[in-house]
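Visitor: Curious how this folds, go ahead:
(chains A and B)
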Amino acid sequence: QKEVEQNSGPLSVPEGAIASLNCTYSDRGSQSFFWYRQYSGKSPELIMSIYSNGDKEDGRFTAQLNKASQYVSLLIRDSQPSDSATYLCAVNPRDTNAGKSTFGDGTTLTVKP
Amino acid sequence: KAGVTQTPRYLIKTRGQQVTLSCSPISGHRSVSWYQQTPGQGLQFLFEYFSETQRNKGNFPGRFSGRQFSNSRSEMNVSTLELGDSALYLCASSSSGDYGYTFGSGTRLTVV
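Guide: Here you go, the predicted structure:
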């Protein structure tokens, strides 16, 4: 079992729809969770971080964390073609000085005009 | 505020050679992590340096090494290059890894 698993995708949604990206992780003691966006040919860019159970909203993005289910999700509301990218879930394990994130393989999102 | 600077952007090397990649983190960031990204394996953690000390290490062979200088700039070295080392090498800067990373543009290494 991979430490961090994401829907392989690709995921395609129409412009204006809600895109839902999911991630599960195996280390129950994980403390910090991140979502990165990576455009083709570019490096990853941090878009959301979440540390406690519940929802965290930032503009059109909402991250959701459920530690009991070991599940993290990212919702993108009012999806735009510019949101088309690969989204990477990253998890920091417990008991770390936290300079070691484990990444999922990413979910490629396409937003169709 | 300057971002994370990685040099060079592209490298072509021959099997058996060695290579050194450089990373200058965001000013004030003391943590520098290195990742290898390939289509088949995704982002794989190489190592992390904090205040000139290696704080975390991934599951890569000893051919992969790194260091960090007093100004937080970091280098990674790969010796005896193999074809499988062809990848995008990403440097990630953080004030503390628990706040997430800022990535550099990467160095694309091709081994022929």
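Visitor: who in chain B is up against chain A?
Guide: With Cβ under 8 Å from any Cβ of the partner chain as the criterion, chain B meets chain A at residues B:31, B:33, B:35, B:42-43, B:45, B:48, B:50, B:55-56, B:58, B:90, B:94, B:96-106. C-beta: built from backbone N, CA, C; applies to glycine.
Visitor: all strands for chain A, in order.
Guide: In chain A, the segments counted as strands under DSSP state E are A:4-6, A:11-14, A:19-25, A:32-38, A:45-50, A:54-58, A:61-66, A:71-76, A:85-92, A:102-103, A:107-112.
Visitor: quick one: which of these is nearest B:Y10?
Guide: Proximity to B:Y10 (Cβ to Cβ) singles out strand A:32-38 among these, at 18.5 Å.
Visitor: model confidence over the closest one, on average?
Guide: Per-residue pLDDT over strand A:32-38 has a mean of 96.
Visitor: Kindly report the residues of chain A close to chain B.
Guide: Within chain A, the positions near chain B by Cβ under 8 Å from any Cβ are A:31-32, A:34, A:36, A:42-46, A:49, A:88, A:90, A:92, A:96-106.
Visitor: now do 10 Å
Guide: A:2, A:4, A:6, A:31-36, A:38, A:41-49, A:51, A:86, A:88, A:90, A:92-93, A:96-106 (Cβ under 10 Å from any Cβ of the partner chain).
Visitor: hang on, the earlier thing: got the strands of chain A as a markdown table, with mean neighbour count and distance to B:P8 columns?
Guide: Written out in a markdown table, the entries for those read as follows (neighbours: other Cβ atoms under 10 Å in any protein chain shown; distance: least, Cβ to Cβ, whole Å):
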| stretch | mean neighbour count | distance to B:P8 |
| --- | --- | --- |
| strand A:4-6 | 21 | 30 |
| strand A:11-14 | 14 | 35 |
| strand A:19-25 | 21 | 33 |
| strand A:32-38 | 23 | 21 |
| strand A:45-50 | 18 | 22 |
| strand A:54-58 | 11 | 35 |
| strand A:61-66 | 18 | 34 |
| strand A:71-76 | 20 | 33 |
| strand A:85-92 | 24 | 24 |
| strand A:102-103 | 22 | 24 |
| strand A:107-112 | 18 | 28 |
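Visitor: pLDDT weak spots in chain B?
Guide: Low-confidence segments of chain B, defined by pLDDT under 70: B:1, B:97.
Visitor: Centre-most residue in it?
Guide: Nearest to the geometric centre of chain B sits B:W34, at 3.4 Å (Cα atoms, centre = their mean).
Visitor: what's the closest non-adjacent residue to that residue?
Guide: Of all residues not flanking B:W34 in the chain, B:L46 sits nearest, at 4.1 Å (Cβ to Cβ, 6 or more residues apart in numbering or on different chains).
Visitor: mind listing what that neighbour touches?
Guide: Residues near B:L46 by Cβ atoms under 10 Å, 6 or more residues apart in numbering or on different chains: A:100, B:33-36, B:56-60, B:64-66, B:76, B:78, B:89-91.
Visitor: how long is stretch A:54-70 from one end to the other?
Guide: By Cα to Cα, to the nearest Å, the extent of stretch A:54-70 from end to end equals 12 Å.
Visitor: for that stretch, the distance to its chain's centre please.
Guide: 9 Å (Cα atoms, centre = their mean, to the nearest Å).
Visitor: what's next to it, contact-wise?
Guide: So stretch A:54-70 is in contact with A:5, A:18-35, A:37, A:47-53, A:71-80, A:83, A:89, A:91, going by Cβ under 10 Å, 6+ apart.
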